[in-house]
Structure formats: C-alpha cells, structure tokens
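In: here are the coordinates; sequence isn't available:
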C-alpha cells in the first residue's frame, strides 16, 4: 500500500477554482483503483496552501494510474482546467507507507 501526499501552493484568489479541480479528481482517482482521502483547503493560517492524499494498493498500481490518466479524456480535461485557471502555482508529491498498530 502506498499513499500519495500532495502539497499545493495556490493562487489565493483562485481557491474556488482549486476546490472545483479537487472535486474533479476525487472520482478520477477512484476510477483507476485508488482511494481518495480528500482535499484540504486553507482555513486558518496560510491562505495559499492545500493538501490532498490518496492511496493505491501498491506503487505499481499508482504508476499504472499515472500512465492511464495521461490518456483519459476526463483526466486530461481536469489537467487543462488547472492550467486554464492557473489555480495551482506549484506542488510537491511525497509517498508514504502506513504503519498499523499491533493487536493487543
């Protein structure tokens, strides 16, 4: 299992556009076998940082999603939407593996 954590730097004047972008991607990640854990938009503090997390069963499954999403019309449209609105200034992608507690 691998979880992708995304940290976005946003245009603070385009938060509504970014929220729409996030709503486009949640079902797209799930369409390709991932579990999306949501987008987290600014509330208190910095007004231009957002986060997202989603999980795939393996790094190989994530890599398949990345390849397949580049050919999918809905994914291409979502990428284009972000480009057109310029709501995302930059982003970082980090991968994590879970640690679960041991049974008592």
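Out: Done, it's in. Since this is a predicted model, take the numbers as computed values, not measurements.
In: CA atoms for contacts and neighbours, from now on please.
Out: Will do.
In: just want the most central residue of the chain.
Out: Centroid-nearest residue in the chain: residue 52, 4.7 Å away (criterion: C-alpha atoms, centre = their mean).
In: quick check: it touching residue 40?
Out: Yes - assessed by C-alpha atoms under 8 Å, residue 52 is found in contact with residue 40 at 6.1 Å.
In: which helix in the chain has the most residues?
Out: In the chain, with assignment by DSSP state H, the single longest helix is helix 15-31.
In: buried set for that helix?
Out: 15, 17-18, 21-22, 24-26, 28-29 (16 or more other C-alpha atoms under 10 Å).
In: now whatever helix or strand residue 37 lives in: mean pLDDT?
Out: Following DSSP states H and E, one finds residue 37 within strand 35-40. What strand 35-40 shows for mean pLDDT is 96.
In: repeat for stretch 56-66
Out: The average pLDDT within stretch 56-66 is 95.
In: in that stretch, what counts as buried?
Out: 56, 59, 61-62, 65.
In: could you dump these to TSV with secondary structure and distance to residue 91?
Out: Below are these laid out as TSV (DSSP: H, G, I helix; E, B strand; the rest coil; distance: C-alpha to C-alpha, whole Å):
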residue	secondary structure	distance to residue 91
56	strand	20
59	helix	20
61	helix	22
62	helix	18
65	helix	18
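In: still on that earlier bit, please identify which of the buried residues of helix 15-31 is nearest to residue 74.
Out: The nearest member of the buried residues of helix 15-31 to residue 74, counting by C-alpha to C-alpha, is residue 28 at 7.7 Å.
In: that closest one reaches residue 76, doesn't it?
Out: No - with contact defined as C-alpha under 8 Å, residue 28 does not count as touching residue 76 (10.7 Å).
In: what's the nearest residue to residue 49 if we skip its chain neighbours?
Out: residue 9 (4.9 Å; C-alpha to C-alpha, 6 or more residues apart in numbering).
In: before we move on, what about residue 93?
Out: Nearest non-adjacent residue to residue 93, counting by C-alpha to C-alpha, 6+ apart: residue 6, 4.7 Å away.
In: same check, this time on residue 52
Out: Nearest one to residue 52, counting by C-alpha to C-alpha, 6+ apart, is residue 39 at 4.3 Å.
In: what number of residues lie near the one you found?
Out: Residue 39 has 19 neighbouring residues, counting by other C-alpha atoms under 10 Å.
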